[in-house]
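In: Take a look and give me a structure for this.
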Amino acid sequence: MPAKIPTEPAQVTAPSAPCAVPDEAVTPLIRGVAVLRELTEAGGTLSPSALERATGLARSTVDRITATLTRMGYVRVDGRDVTLTPRVMELGNAYLAALRLPALLSARADALADELDESVSLAVADRDGIRFIHQATRRRAMSLSFRIGDLLPAERTAPGPLFATEWTDTDWHRWRARRAADPHDHGFPAVPPRERPHADDDFVRRTRQAARDGWSLDDQLIEPGLVAISAPVRDPGTGRVACVASVVSHTSRHAADDLTTTLLPRLREAVTAMEEDLRTPPAPTPPPPHAPLATWTAATKHALGRGFIESLARGLTVLTAFGEGRGRLTLTEVAKATGLARATARRALITYEHMGLVSQEAAAFSLTPRVLALGFPPLSRTTLPEIATPHLNDLTARIQESTALAVDTPRSGEIVYVARATHHRVMSADLPLRHPLPATETSAGRVLRAALPHAVEDAELEAGLRTLSVPVHDTNGTAIAALTTATHAARRTREECERALLPELLTTARAIERDLHTASRFTQVPLT
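Out: Down below sits the predicted model:
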């Protein structure tokens with residue numbers, strides 16, 4: 001395996017000049033990606049004014065980009081703020097599906113976390129950093145806050161030295177240049193800034209030791225109290241590091257010096273099993289073909305006019321051409337998968353390669369881990385109530401009635417409302433949040449327990465209150481929640497409820513399901 005570990009302490013060098021933008025790059029696509037990155041680093045929400053300052057773009061340009069991303073379902077406008085939506089996770093999903101490692105190895109990581117009662121993560125290399133592709137986190141008062149897609153500097157992690165054993169001279173030069181330009185790690189929002197940067201030769205030493213031992217340790221490099229031990233999962237075909245599995249703990253549970261005896265043996269057993277899974281993977285299932293993109297963008301451009309940036313919409317869709325069974329694609333295959341002209345797909349790929357989102361080897365292109373920086377981290381821990389709330393607000397505004405989302409409780413025979421939107425009238429329904437209700441006496445409970453397509457209930461909480469509920473399904477088709485609206489019986493008969501409200505509820509339930517299915521493809525979405 002190639003290893004270019006320096007034999008002398010690393011010398012600090014000036015950062016190299018940024019690469020010039022290729023003549024064929026799509027400028028609106030570069031600007032749109034910049035907006036998505038700034039929203040991601042800000043936690044998912046920024047005002048247009050803040051986006052203008054962060055990107056350096058004109059306000060009119062920010063507004064056009066926002067309008068385009070809204071039309072694509074990637075952002076929504078909440079009052080004065082622009083907020084990422086779960087739909088944008090389809091970009092990161094494309095990378096994770098093409099990579100295949102989360103689908104093949106996450107069950108092993110989850111089982112190890114359950115067995116050890118510690119957090120377990122899988123990470124891949126992203127130039128001179130590491131990026132998480134799976135997290136099995138323990139829920140404790142002292143818990144970890146890293147998310148899928150978060151980028152960490154290699155030298156402050158346990159996986160970093162293992163990846164660095166395969167770095168080339170160019171990789172080491174890039175690392176030194178980044179360290180010189182950003183000694184306090186302000187370019188890594190997922191970690192606290194350094195107070196006193198370590199010397200470069202400390203990471204070189206840890207990399208040499210990782211090459212000898214086959215494992216690596218993080219002894220509170222990120223912040224006091226956090227410790228981790230890592231082992232490489234190697235590609236059976238090439239022998240190179242495919243990803244790194246880590247067990248992460250706290251010094252109140254494990255001293256760093258004890259990790260090699262308490263956690264490493266079981267971690268190595270799990271890694272061996274993961275490598276066997278990679279040796280005999282199931283055949284990939286290619287994603288379904290795209291809808292006619294060119295037709296949709298042309299029609300949307302005609303409807304919105306100058307407010308819709310067609311080249312941005314088409315360019316972003318190029319990323320979703322990749323997926324399971326489509327990890328490496330030629331230009332012709334990208335054009336066929338998206339329905340775009342070869343010239344349009346080519347310019348998008350040139351743009352992405354310039355931004356580090358796509359790499360090219362021979363005639364084939366593949367996505368890089370940097371695609372996860374486009375909205376994935378702040379949404380990777382979203383909950384079902386967070387997904388549903390914007391849809392409830394829209395539904396309530398349309399039907400002028402209060403709405404809510406209910407789920408089962410751990411106690412048998414009860415349901416609770418976990419999200420709601422209230423329409424204010426002189427006499428309005430108030431569906432109580434987090435208050436257990438008998439499942440058999442509510443329309444939501446009947447939908448969840450009896451697997452009904454929809455249910456109407458009179459006098460659910462008090463005389464005169466009429467409710468109508470429909471199910472919300474997970475990717476397996478199981479009803480995991482119920483969407484409910486409530487009205488006074490004097491306003492609508494049962495027949496009027498079914499005729500006027502049922503279609504609106506079904507439409508909203510499908511919209512919640514689409515977001516839920518996108519968000520839960522590679523993450524766990526809590527129901528409460």
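
In: other SSEs contacting the longest helix along the chain?
Out: Longest among the helix segments of the chain by residue count, using DSSP state H, is helix 502-519. With contacts taken as 3 or more C-beta pairs under 8 Å, 6 or more residues apart in numbering; DSSP states H and E, helix 502-519 sits against helix 89-99, helix 384-399, strand 465-473, strand 479-488. (Glycine included, C-beta is placed from N, CA and C.)

In: Save those as CSV, and put in mean neighbour count, distance to residue 147 and mean pLDDT too.
Out: Output for the helices and strands packed on helix 502-519, formatted as CSV (neighbours: other C-beta atoms under 10 Å; distance: least, C-beta to C-beta, whole Å; pLDDT from 0 to 100):
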stretch, mean neighbour count, distance to residue 147, mean pLDDT
helix 89-99, 25, 11, 97
helix 384-399, 20, 14, 97
strand 465-473, 24, 24, 92
strand 479-488, 25, 23, 93
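
In: got those as a markdown table, with distance to residue 149 columns?
Out: Shown next, in a markdown table, are those (distance: least, C-beta to C-beta, whole Å):
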| stretch | distance to residue 149 |
| --- | --- |
| helix 89-99 | 6 |
| helix 384-399 | 17 |
| strand 465-473 | 26 |
| strand 479-488 | 25 |
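
In: Go through those and name the closest to residue 270.
Out: Taking C-beta to C-beta, helix 89-99 is the member of the helices and strands packed on helix 502-519 nearest to residue 270, at 19.0 Å.

In: Of all the helices and strands packed on helix 502-519, which one is nearest residue 230?
Out: helix 89-99 (18.5 Å).

In: Next, the angle helix 502-519 makes with the closest one.
Out: Between the axes of helix 89-99 and helix 502-519, defined by axes from the mean of the first three to the mean of the last three C-alpha atoms, to 10 degrees, the angle is 40 degrees.

In: mind listing the strands for the stretch 251-400 of the chain?
Out: Remark: strands assigned in the stretch 251-400 of the chain by DSSP state E, counting those that start in this stretch are 329-330, 358-361, 364-367.

In: any idea of the mean pLDDT for the second one?
Out: Summarised as a single mean, pLDDT over strand 358-361 is 97.

In: Output that strand in CSV, but only the C-alpha positions, please.
Out: This file holds the C-alpha atoms of strand 358-361, laid out as CSV (Å, rounded to 0.1, in the frame of the first residue of the first chain):
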residue,chain,number,x,y,z
VAL,A,358,-17.0,15.0,-8.4
SER,A,359,-13.8,13.2,-9.3
GLN,A,360,-12.8,11.7,-12.6
GLU,A,361,-10.8,8.6,-13.3
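
In: tilt between the longest helix of the chain and strand 479-488?
Out: 150 degrees.

In: where in this protein is pLDDT low?
Out: 1-4, 7-18, 140-145, 289-294, 425-430, 458-463 (pLDDT under 70).

In: Could you check the angle the longest helix of the chain makes with helix 384-399?
Out: Using the same axes, to 10 degrees: helix 502-519 against helix 384-399 is 150 degrees.

In: what's next to helix 502-519, contact-wise?
Out: Residues from elsewhere that reach helix 502-519, judged by C-beta atoms under 8 Å, 6 or more residues apart in numbering: 85-87, 89-90, 93, 379, 382, 384, 387-388, 391-392, 394-395, 398-399, 403, 405, 454, 468-475, 481, 483, 485, 525.
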